[in-house]
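A.B. asks: have a look; sequence and predicted model below, questions after that.
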Amino acid sequence: MTLHHSFKSLLASAAVFGFAGQALALDGQDLLNKINTSYAAGGGTIAAESIEVSGSDIVMKNVKFSVGEAGETPLAIGDLTFEGVTEEEGGSYQIEKVSFPEVNVKEEKSSISVTDLYLSGVYVPGNPDAEGLDSMMFYEEAHSGPVDVSIDGKSVFSMEEAIATIALSEDESTMTFEGSATGFKADLSSVEDPQAKQTIEALQLTNLAGEINMSGSWEIEDGTIDIDDYSFDVANVGKLSMAFSLSGYTLDLIKQMQEQARQMQAQPENEQTQQAAGLAMLGLVQQLTLNSAQIRFDDAGITKRGFDYAGKTQGTDGAQMAQMVKGMLPLLLAQAKLGALQNDITAAVNAYIDDPKALTIAAAPANPVAFPMIVGAAMGAPDTIPTLIGLKVTAND
């Protein structure tokens, strides 16, 4: 499978189609069938009223997307335009770009609009049972332009742009991915519940703005997936960052999980089937191994405002409320039976409360730990978990 065609290859393909005429005309229905075969793992189905083929372009008219239980009203998407479509050996397809129509949905007092939606560098497998990545449908870039959600003509949520990219190494052993959602804004001034509105105003959360970012990689053969950064950064609130590394997330495991999901969706009303598939899914997750994990919060003012508001509701001030939390923390931690880690958590939280900058929870085991070991420890000896996964809590580092 080749993800990137050279310019010469593109010219050659164009020449072949130009001279071959109708003999090598694209089969739009075959493309749709293979997309649906790939989507079947997630329970989704795409239907088109008609399909038009013009050279290397295909337009699927009045597309509707169905997912979940039979009988549910499908989602009307509109016309999908596939540009630069080429069929490869083995029946797979490469698509330069898939463009989606603009979204303009209005229901009573609310409206949603989304523009500039597209996928580029799309690969559709010819055989979902093929070996390796040849069996998976994926894209090089997914893009969304401006998004706006309005109620009574007032924007309550908007986003400037969202992009997700996937790249494959030359030897097809590693897949890297990045994603971002920039310029999002939320206006919570329309919240009607008096108590919720009071809390929002006290915490200065009426108008929120920020961005979301993610980056990572996947070693395909051994299934090691590293999320280097998955962060939510909100102005005047703070930044929540997560990172983790797992092993065992192989193609075989993915296919097994997709099969279980398909069984659950096929018989949504059958309680026994749902339970059996759910247990099977839990069993599959046991194949994973924890390498490391971290959660970090960098404060941008929300902590002090939170203590001030909590103190006010209790008839005191923020400083007194902070001291009350520091005094209650050891009692709460004692119930969790965390052993020596209790003192480290207390020291870190106290330091953060005194000077709110950053609080970090990290797991860095000396050796990778299989999930069954973690589950077993949680059920039988929870006080051993901190040592088992190398758990540490630090502040302001």
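C.D. replies: Sure, I can see it. Since the structure is predicted, the reported quantities are computational estimates derived from the model, not experimental observations.
A.B. asks: buried residues in the helix or strand containing Thr37, which are they?
C.D. replies: Using DSSP states H and E, Thr37 sits in helix 28-39. Of the residues in helix 28-39, Gly28, Leu31, Leu32, Lys34, Ile35, Thr37, Ser38, Tyr39 count as buried by neighbour count, 16 or more other Cβ atoms under 10 Å. Placement of C-beta: from N, CA and C, glycine included.
A.B. asks: so after it, what's the next helix or strand?
C.D. replies: The helix or strand immediately downstream of helix 28-39 is strand 44-47, counting by DSSP H and E.
A.B. asks: what stretches of the stretch 151-300 of the chain score poorly on pLDDT?
C.D. replies: 265-268 (pLDDT under 70).
A.B. asks: do that again at 90, thanks
C.D. replies: Scanning the stretch 151-300 of the chain with the threshold set as pLDDT under 90 gives 153, 171-172, 190, 192, 222, 251-287.
A.B. asks: please, where are all the strands along it?
C.D. replies: Assigned by DSSP state E, counting those that start in this stretch, the strands in the stretch 151-300 of the chain fall at 154-159, 161-168, 174-187, 207-219, 224-234, 238-247, 289-299.
A.B. asks: other residues contacting the second one?
C.D. replies: In this structure, residues lying in contact with strand 161-168 by Cβ atoms under 8 Å, 6 or more residues apart in numbering are 3, 133, 138-147, 174-183.
A.B. asks: thinking again about what came up before, quick one: which of the buried residues of helix 28-39 is nearest to Trp218?
C.D. replies: Set against Trp218, the nearest of the buried residues of helix 28-39 by Cβ to Cβ is Ser38 (18.3 Å).
A.B. asks: which one is that closest one nearest to, not counting chain neighbours?
C.D. replies: Spatially, and ignoring its direct neighbours in sequence, Ser38 is nearest to Met137 (3.9 Å; Cβ to Cβ, 6 or more residues apart in numbering).
A.B. asks: please apply the same query to Ile345.
C.D. replies: In space, Ile345 is closest to Val393, 4.7 Å off (Cβ to Cβ, 6+ apart).
A.B. asks: that neighbour sits in which helix or strand?
C.D. replies: Element membership of Val393, judged by DSSP H and E, is strand 391-395.
A.B. asks: just checking, what packs against that strand?
C.D. replies: If contacts are counted by 3 or more Cβ pairs under 8 Å, 6 or more residues apart in numbering; DSSP states H and E, strand 391-395 sits against helix 341-354, strand 358-363.
A.B. asks: who does the last one pair up with?
C.D. replies: In the sheet containing strand 358-363, the strands it pairs with under DSSP bridges are strand 289-299 (antiparallel), strand 391-395 (antiparallel).
A.B. asks: quick check: buried residues in that strand?
C.D. replies: By neighbour count on 16+ other Cβ under 10 Å, the buried set for strand 358-363 is Ala358, Leu359, Thr360, Ala362, Ala363.
A.B. asks: what bridges to the last one?
C.D. replies: Beta-bridge pairing for Ala363 (DSSP bridges): Ala293, Leu391.
A.B. asks: pretty sure it contacts Ala293?
C.D. replies: Yes. Counting by Cβ atoms under 8 Å, Ala293 is a contact partner of Ala363 at 4.4 Å.
A.B. asks: anything in contact with each of those two?
C.D. replies: When contacts are counted by Cβ under 8 Å, 6+ apart, Ala363 and Ala293 have Ile389 as shared neighbours.
A.B. asks: just the buried members of the contacts of strand 161-168?
C.D. replies: Buried members of the contacts of strand 161-168, counted by 16+ other Cβ under 10 Å: 3, 133, 138-144, 147, 175, 177-181.
A.B. asks: among the residues you listed, which one lies nearest to Ala378?
C.D. replies: Ranked by distance to Ala378 (Cβ to Cβ), those are led by Phe177 at 30.4 Å.
A.B. asks: test my guess that the closest one contacts Ile225.
C.D. replies: No. Assessed by Cβ under 8 Å, Phe177 is found out of contact with Ile225, at 9.8 Å.
A.B. asks: where do the contact lists of those two overlap?
C.D. replies: Gly216, Ser217, Trp218.
A.B. asks: which one among those residues gets closest to Ser169?
C.D. replies: Ranked by distance to Ser169 (Cβ to Cβ), the shared contacts of Phe177 and Ile225 are led by Ser217 at 9.3 Å.
A.B. asks: any figure for the gap between that closest one and Leu119?
C.D. replies: According to Cβ to Cβ, to the nearest Å, Ser217 stands 21 Å off from Leu119.
A.B. asks: how about Asp171?
C.D. replies: From Asp171 to Leu119 the distance is 25 Å (Cβ to Cβ).
A.B. asks: ok, these two, which is more surrounded?
C.D. replies: Between Asp171 and Leu119, Leu119 has the larger neighbour count (other Cβ atoms under 10 Å), namely 20 against 6.
A.B. asks: confirm the more buried one sits in a helix?
C.D. replies: No. Looking at Leu119 with DSSP: H, G, I helix; E, B strand; the rest coil, it is strand, so not inside a helix.
A.B. asks: so who does it touch?
C.D. replies: By Cβ under 8 Å, 6+ apart, the contact set of Leu119 is Ile95, Lys97, Val98, Tyr139, Glu141, Ala142, His143.
A.B. asks: quick one: residues contacting the first one.
C.D. replies: Taking Cβ under 8 Å, 6+ apart as the definition of contact, the neighbours of Ile95 are Phe82, Glu83, Gly84, Val85, Thr86, Leu119, Gly121, Val122, Tyr123, Val124.
A.B. asks: quick one: secondary structure of the fifth one?
C.D. replies: The local conformation at Thr86, judged by three-state DSSP, is strand.
A.B. asks: isn't it right up against Tyr123?
C.D. replies: No. Counting by Cβ under 8 Å, Thr86 stays clear of Tyr123, with 10.8 Å between them.
A.B. asks: these two: which is more packed in?
C.D. replies: Using other Cβ under 10 Å, the more surrounded residue of Thr86 and Tyr123 is Tyr123, with 21 against 18.
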